[in-house]
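**Student:** test case, fold it:
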Amino acid sequence: MKLIILDRDGVINHDSDAFIKSPEEWVPIKGSLEAIARLNQAGYRVVVATNQSGIARGLFDMQALMAIHQKMHEAAQLVGAEIDAIFFCPHAADDNCDCRKPKPGMFHDIGKRFEISLRGGVATVGDSLRDLQAGFIAGCAPYLVLTGKGEKTRDKGGLPPGTLIFPDLAAVVEFLLKKPVELSV
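**Tutor:** Predicted structure coming up:
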């Protein structure tokens, strides 16, 4: 099985320093949903892993988050894309949970759910250092996009070893789909 793990805000949709709190505020980045459709057509399972501390902060509730995700699923389906699962952390940074990125808890849960080792081939795409750190710790290959907070993240440095940098999700997908496939005998 081919699996890819995507951050949500700043990778699939436009980010906001004030949080995405309603379906109306969720706006896809141009080409991101079509990129997910291309992944699906190439046999990838697409999973979203997203920190959503706005819940712990009282900025929105679970019903609003589910409505945002419903809008994302519907928009994806309109272009022939399918998001297989969404994993999210509803906790604040000071809750010290295991699921909030940069900790790898969500990634370990994804590996268990899909019965796959994340080491050696599963890509993770994010726009922030914590996205890349969580995936890297879990064994994923890190890809930074320059959408969302990506340019600031790149400029700060300290990226996990082997991080590849692309303008957006569509460019990551273009790269992944052109990589030669290693066949084992």
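**Student:** any stretches of this protein with poor pLDDT?
**Tutor:** Counting by pLDDT under 70, the ranges of the chain that qualify are 180-185.
**Student:** show me where this protein has helices.
**Tutor:** According to DSSP state H, the chain carries its helices in the segments 32-41, 62-78, 105-113, 129-138, 150-156, 169-178.
**Student:** how about those, which one is nearest Gly121?
**Tutor:** helix 169-178 (10.4 Å; Cβ to Cβ). Bear in mind the C-beta positions are built from the backbone N, C-alpha and C, glycine included.
**Student:** what angle do the closest one and helix 32-41 make?
**Tutor:** 20 degrees (axes from the mean of the first three to the mean of the last three Cα atoms, to 10 degrees).
**Student:** can you list the residues that contact helix 169-178?
**Tutor:** 4, 6, 11-12, 29, 31-32, 34-36, 38-39, 42, 123, 125, 143, 145, 147, 164, 166 (Cβ atoms under 8 Å, 6 or more residues apart in numbering).
**Student:** ok so, going back, which of the helices of the chain is buried the deepest?
**Tutor:** The highest average neighbour count among those, using mean count of other Cβ atoms under 10 Å, belongs to helix 129-138 at a mean of 24.
**Student:** for it, name the packing helices and strands.
**Tutor:** strand 44-51, helix 105-113, strand 123-126, strand 141-145, helix 150-156 (3 or more Cβ pairs under 8 Å, 6 or more residues apart in numbering; DSSP states H and E).
**Student:** ok, now with 6 Å
**Tutor:** Applying 3 or more Cβ pairs under 6 Å, 6 or more residues apart in numbering; DSSP states H and E, one finds that helix 129-138 contacts helix 105-113, strand 141-145.
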